[in-house]
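# Sequence and predicted structure, then a few things I'm wondering about:
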Amino acid sequence: QVQLVESGGGLMQAGGSLRLSCAASEGINAMAWFRQAPGKEREFVAAIKWSGGSQFYSDSVKGRFTISRDNAKNTAFLQMNGLQPEDTAVYYCAAGKRLIQSSLRQAAQYPYWGQGTQVTVSS
């Protein structure tokens, strides 16, 4: 069972930046962030393939958020710039060992999940 430990998050004013980290206890082949705002469904934010480092983003964060990874540490990072109040949500990292590219945006495909971290953006 892969354990995911998230860190980062917090309160930020609109236009500011935050960085999330997610460390996996063992090797994985892809990691992603999803977020869930109150009263809304969980939505895809960004994903990265461990081999080659290909990145995938939702349209709502493309150009503002950047996902990266440190293979040696089994850790991924989500750099969030230009934060807006609509980015307010609980952010969850998710990972898998056998994920395929076509499934990276689908929460149901990820077997391992972090505990979630709150990101709040004030206007």
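Yes, it's here. All figures in this text were calculated on a predicted structure; none of them were measured in a lab.
# quick one, strands of this structure?
Ranges of strands in the chain, per DSSP state E, are 4-7, 10-13, 18-24, 30-36, 43-49, 55-57, 65-70, 75-80, 89-96, 112-113, 117-122.
# ok, and what's touching the shortest one?
The contact list for strand 112-113, computed with CB atoms under 8 Å, 6 or more residues apart in numbering, reads 1, 2, 3, 4, 24, 28, 92, 93, 94, 95, 96. Where you see a C-beta, it was placed from the backbone N, CA and C, and this is true even at glycine.
# chain center to that strand: distance?
11 Å (CA atoms, centre = their mean, to the nearest Å).
# Same check on the second one?
Taking CA atoms, centre = their mean, one finds strand 10-13 lying 17 Å from the centre of the chain it belongs to.
# List the buried residues in it.
Going by neighbour count (16 or more other CB atoms under 10 Å), the buried part of strand 10-13 is residue 12.
# Repeat that for the first one.
Buried residues in strand 4-7, counting neighbours by 16+ other CB under 10 Å, are found at 4, 6.
# Show which residues not belonging to it make contact with it.
Against strand 4-7 from outside (CB under 8 Å, 6+ apart): 20-25, 91-95, 112-117.
# Mark which of the contacts of strand 112-113 are buried, thanks.
Applying 16+ other CB under 10 Å to the contacts of strand 112-113 flags 4, 24, 28, 92, 93, 94, 95, 96 as buried.
# Test my guess that the third one contacts residue 98.
Think residue 28. No: assessed by CB atoms under 8 Å, residue 28 is found out of contact with residue 98, at 9.4 Å.
# In CSV, list the strands of the chain along with mean pLDDT and distance to residue 106.
Putting the strands of the chain into CSV (pLDDT from 0 to 100; distance: least, CB to CB, whole Å) gives the following:
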stretch, mean pLDDT, distance to residue 106
strand 4-7, 96, 17
strand 10-13, 96, 28
strand 18-24, 98, 18
strand 30-36, 98, 9
strand 43-49, 98, 8
strand 55-57, 98, 11
strand 65-70, 97, 16
strand 75-80, 98, 18
strand 89-96, 98, 10
strand 112-113, 98, 13
strand 117-122, 98, 21
